[in-house]
Structure formats: structure tokens, C-alpha cells
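> Take a look and give me a structure for this.
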Amino acid sequence: MKHLSQLLLFTVALLLLNPDFVFSQKKKKYIVNAYVGGFRGLVMTEDIDVAKLTHINYAFVDVKDSMAVLTNLATDSTNFRKLNALKLINPDLKIVISIGGWAWSENFSDAVLTESSRLKFAKSSVDIIRQYNLDGVDIDWEYPGMRGEEGNIFRPEDKQNFTLMFKVIRDELNVLEKEKGGKYLLTTAVGGSKSFIENTEMGLAQQYLDYVLIMTYDYGGRNGTVGHHTNLYDYGDSEEGSSADRSVKNFIAAGVPANKIGLGAAFYGKGWEAASSTNNGLGEKRVKAVQGGGYTKLKDTMIDQNGYKKYYDKKAHAPYLFNDSTKVLITYEDEDTVKEKCKYVKKNNLAGIFFWEYFSDPKKYLLTEISKNLD
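Sure, this is the predicted structure:
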């Protein structure tokens, strides 16, 4: 009874803080999927504008001994309870666990190496869903067949095992569906590079997946140069550039249906010190990485402030800041670019937009724009 009372009080508080929420709302046509960093500790769920979301991916669940493992049981379990309470406000909301991420992908290759290890991994993943009454599994393996973070285990067999992993997880989710009824999701966050496609079988893997979330950010310039990190289109003179448009086309060519693709938006900026001020640092050699920060911080304290001037690359559809005295360039996403990404989603019949990470923009500048343009 104590927990029920707390849940009711929590829900009432959310409604008072967010009077625009309603219990019945029109089901959204496109996904608006937020990654929420539960690995940091307790999530301030009362600050989440859940009416503007369709999915929350809870990041991250670790991989150890061929099992999906919660990294902090006390805070994770509390976070799951509070996130589930948001469904009282938005009944269509789906809560999905995201397994892996940059810092927790070192053991994926071992976990899916054999039939028995894959089954162990799949069962442990779905057991978390079963225990905490959640809605699905998201795999964020960074990266199959490639190093990713220093020290990660990877091997050529990852290419086929990546596909087999999804098959066995899907089988386990089907079992859960028979147990409880309803639909359970299986999604994956994937790198936007051509090398990711070359090291996987996306055309085969997609048959088991509800959504393929392409991380169309963290691009940067080629060969150690300063470049955009979340640009919509190619720029410069190279035929080998990186962009969201290029990534989407490559995944479609690899056999992923457009209507399963989620387009990534970055709610944070990345900074680099350039070797010179030529072309406002774009295309110049990187000297070192510099902290960028979340979009709320950029908008409120750095755009056309404190020595930073805003520029816009029309070809890339990407803004950036440059400080001429320090030669620091910050590449980021703003309201105009997420609006362009929304248009791109509609034009190309994609599933919708996802973003990393919700609390990087606490004033919801970008989420508000997405919600306005992707209904």
C-alpha cells in the first residue's frame, strides 16, 4: 500500500507540473524515441515531457558472462518503477532496455558466440523485461566485427552472430508475448558508417527488428580533420563524406526497409580545436578535443556569446560555432536542423526520430521542435 500511495502521489505531481498532459491522446504516426541515461543513477522522471515521446530507451544494461546484467540494481529498479508510472500519463509510451552502449559492448562478441551463449543472453535480456514489466529490448553493440572502445572483444564471426542474436531474442520475446499478451519490441542502435554495414547482415537481421536506429551523429571530419558531427547532408568535395542522408541510403541499400529506420538527432555538441582559422576551422587538422556540452547550455551561454560566433553550412544543413581567438569549433544540432530532419523523415517515409540524450537539453528546445514538426 505504501508503494501504491507513493505512485499515486508521484502521478499527481507529474500532472500538476505538466498540465498539458492528457490521459487519452491521438496515437502518434512517427516514433519520437528518447535515450535516457539511467547509468548515471536515479532518473528525474518528473522532468520528462512524456506527452511528446513514444518510446524511452533506458541506457544502459551491461553484458557479463553471456548475460544481460543491471549495473545498479537499486537505482535501476527504482527507475523502472518511475518510468512505468509515466504510462498513467501517456498510455502509449513504451519503455525499452538498451543493452550495451560505448562503454558496455566489450563482451557482446563472447555472449553471442555459440548457440548456448546466445540463448543464455537472450533469456537474461527478456527476463529483465518480464520482471519489471517493460516493453522491449534494444541492442546497442558498438560494434560487431570492429573494435569500438579500446579493449573490446571482436571477431569476424560477429557478422553472422549479430543476426543470430536477434533471432533468438525475438524467439524469447515471442514466448513472453504468449505468456502476457501484447507486443514486445526488439530494436537496435547502429553505427552510421559503411563499415558497420560491411560487418553485419542488416538485410537479414532486420526481419527480427521493429526499428533500426541509425546513430546519425558523432561523424566528424575525415583523416583527423574538424568536421560536422550530426549533419543531414554531405559537404565539401569528397565523395566519401559522412551524413545522415548517406547513412540512411546505405542502410536501405543493405536491405533495411525505410519504415523501420529511425533517424538520429544529437542533443549535444562536440568541440575541437582546429590547427588554423581557415574556413572557420572546418576541414582543418584537429589539435585536440574540447568539451561541447548539451544544447541547452550551448543555446543559453555560447551561441553568439563568449567569443563564439554562429555559422551555418548550407550544403551540410548544419550549424557550428567558431571562436577565432581559441580556434575552437563546436558542431551541434539546433531547432532548424531537427526541423529539417523531421521533414526528411516524412519525405522518405522513415519510422521517426530518436535522440541521445534526453537530459542534455533540459529546457526541451529541440524536443519541442521535434514534437511540433513530427506529429
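> any chance you could map the strands in the stretch 51-200 of the chain?
Using DSSP state E, counting those that start in this stretch, the strands found in the stretch 51-200 of the chain span residues 55-64, 67-69, 94-100, 136-140, 185-191.
> Tell me the strands beside the shortest one, with direction?
The one in question is strand 67-69. Using DSSP bridges, the neighbouring strands of strand 67-69 in the sheet come out as strand 55-64 (antiparallel).
> and the strand it pairs with, how far out from the chain's middle?
11 Å (Cα atoms, centre = their mean, to the nearest Å).
> since we're on the residue lying closest to residue 275 once chain neighbours are set aside, how many residues are nearby?
Distances taken as Cβ to Cβ, 6 or more residues apart in numbering put residue 285 closest to residue 275, at 4.1 Å, once the chain neighbours are dropped. The C-beta positions use only the backbone N, C-alpha and C, and glycine is treated the same way. Applying the criterion other Cβ atoms under 10 Å, we find 15 residues in the vicinity of residue 285.
> same check, this time on residue 363
As a burial measure, residue 363 scores 13 neighbours (other Cβ under 10 Å).
> I'd assumed it was in a helix, is it?
No: counting by DSSP: H, G, I helix; E, B strand; the rest coil, one finds residue 363 to be coil, located in no helix.
> ok, it - contacts?
Under the criterion of Cβ atoms under 8 Å, 6 or more residues apart in numbering, the neighbours of residue 363 are 296, 299, 300.
> The last one and residue 329, how far apart?
Which is residue 300. When Cβ to Cβ, to the nearest Å is applied, the distance between residue 300 and residue 329 equals 19 Å.
> Among those two, which residue is more densely surrounded?
Relative neighbour count places residue 329 above the other of residue 300 and residue 329, with 30 against 11, counting by other Cβ under 10 Å.
> pLDDT (mean, whole number) over stretch 149-166?
Mean pLDDT, computed over stretch 149-166, is 98.
> quick one: terminal-to-terminal distance for it?
For stretch 149-166, the separation between the terminal residues is 22 Å (Cα to Cα, to the nearest Å).
> ok, now stretch 32-41?
23 Å.
> Which residues belonging to that stretch are considered buried?
Under the neighbour-count criterion of 16 or more other Cβ atoms under 10 Å, stretch 32-41 has 32, 33, 34, 35, 36, 37, 38, 39 buried.
> For this protein, which element, helix or strand, carries the lowest mean pLDDT?
Comparing every helix and strand of the chain by mean pLDDT, DSSP states H and E singles out helix 2-17 as the least confident one, with a mean of 51.
> helix or strand right after that one?
On the C-terminal side of helix 2-17, the nearest following helix or strand under DSSP states H and E is strand 31-37.
> starting at the chain centroid, how far to that following strand?
With Cα atoms, centre = their mean as the basis, strand 31-37 stands 6 Å off its chain's centre.
> tell me what it is packed against?
Of the remaining helices and strands, those touching strand 31-37 by 3 or more Cβ pairs under 8 Å, 6 or more residues apart in numbering; DSSP states H and E are strand 55-64, strand 211-215, strand 352-356, helix 365-373.
> closest one to residue 335 among these?
With respect to residue 335, and counting by Cβ to Cβ, the nearest of those is helix 365-373 at 4.4 Å.
> For the closest one, output the C-alpha coordinates as CSV.
Provided in CSV are the C-alpha atoms of helix 365-373 (Å, rounded to 0.1, in the frame of the first residue of the first chain):
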residue,chain,number,x,y,z
TYR,A,365,14.3,23.4,-27.1
LEU,A,366,14.9,20.5,-29.5
LEU,A,367,12.2,18.1,-28.3
THR,A,368,9.6,20.9,-28.6
GLU,A,369,10.6,21.5,-32.2
ILE,A,370,10.5,17.8,-33.0
SER,A,371,7.1,17.4,-31.4
LYS,A,372,5.8,20.4,-33.4
ASN,A,373,7.0,19.0,-36.7
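> pLDDT (mean, whole number) over it?
The predicted confidence, averaged over helix 365-373, sits at 98.
> Equivalent analysis for stretch 350-362, please.
Along stretch 350-362, the predicted confidence averages to a pLDDT of 98.
> now stretch 213-227
Across stretch 213-227, the per-residue pLDDT values average to 95.
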